[in-house]
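Q: my questions are about this predicted structure, shown below with the sequence.
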Amino acid sequence: MPPTLDEHLVDQVRLKNRQALEHLYSRYEKLLYRYALHLNDHPATAEAALTDLFCRIWQQRLHFNPHSETIRATLIRSLEEIMHYMKEDKSDSNTSKIPSA
């Protein structure tokens, strides 16, 4: 069975093809952004999470192997993880750390 367009794009990303990453981004940008807003009702946080997701894909492109599930499912799961970590980081920065005497 020939690879899907998404599989082809992921293979091209692994080969350092930035246009393939941009194409993958444009295919899923609206879906992922809406989902990020659903998880956290802050547009800036949603945009940051999306940027972080695709930066991570590019930086870890040799280890990005979503062929065990659909690319869409992998992107959504990865976005959920990023949003979770962003939420934890924000709550950590909001707690005051008073040194003990």
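A: On my side now, so go ahead.
Q: just checking, what packs against the lowest-mean-pLDDT helix or strand in the chain?
A: Counting by mean pLDDT, DSSP states H and E, the chain has its least confident helix or strand at helix 71-94, which shows a mean of 84. When contacts are defined as 3 or more CB pairs under 8 Å, 6 or more residues apart in numbering; DSSP states H and E, helix 71-94 packs onto helix 5-14, helix 18-39, helix 43-59. Backbone N, C-alpha and C define where each C-beta goes, glycine included.
Q: pipe these into a markdown table and attach distance to Ala73, mean neighbour count and mean pLDDT per row.
A: Shown next, in a markdown table, are these (distance: least, CB to CB, whole Å; neighbours: other CB atoms under 10 Å; pLDDT from 0 to 100):
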| stretch | distance to Ala73 | mean neighbour count | mean pLDDT |
| --- | --- | --- | --- |
| helix 5-14 | 11 | 17 | 94 |
| helix 18-39 | 11 | 15 | 97 |
| helix 43-59 | 14 | 16 | 96 |
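Q: mind putting those helices into TSV with distance to Ile76?
A: Output for the helices and strands packed on helix 71-94, formatted as TSV (distance: least, CB to CB, whole Å):
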stretch	distance to Ile76
helix 5-14	13
helix 18-39	6
helix 43-59	10
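Q: figure out which of those is closest to Thr70.
A: Nearest of the helices and strands packed on helix 71-94 to Thr70, taken as CB to CB: helix 5-14 at 7.4 Å.
Q: look up how far Leu24 lies from Asn1.
A: Rather than Asn, residue 1 is Met. Distance, Met1 to Leu24, by CB to CB, to the nearest Å: 20 Å.
Q: so Thr74 makes contact with Arg56?
A: No. Taking CB atoms under 8 Å as the definition, Thr74 is not a contact partner of Arg56, at 11.8 Å.
Q: so which bits of the least confident helix or strand of the chain are buried?
A: For helix 71-94, a neighbour-count test (16 or more other CB atoms under 10 Å) marks 71, 74-76, 78-79, 82-83, 86 as buried.
Q: that one vs helix 43-59, what angle?
A: On the basis of axes from the mean of the first three to the mean of the last three CA atoms, to 10 degrees, helix 71-94 is oriented at 120 degrees to helix 43-59.
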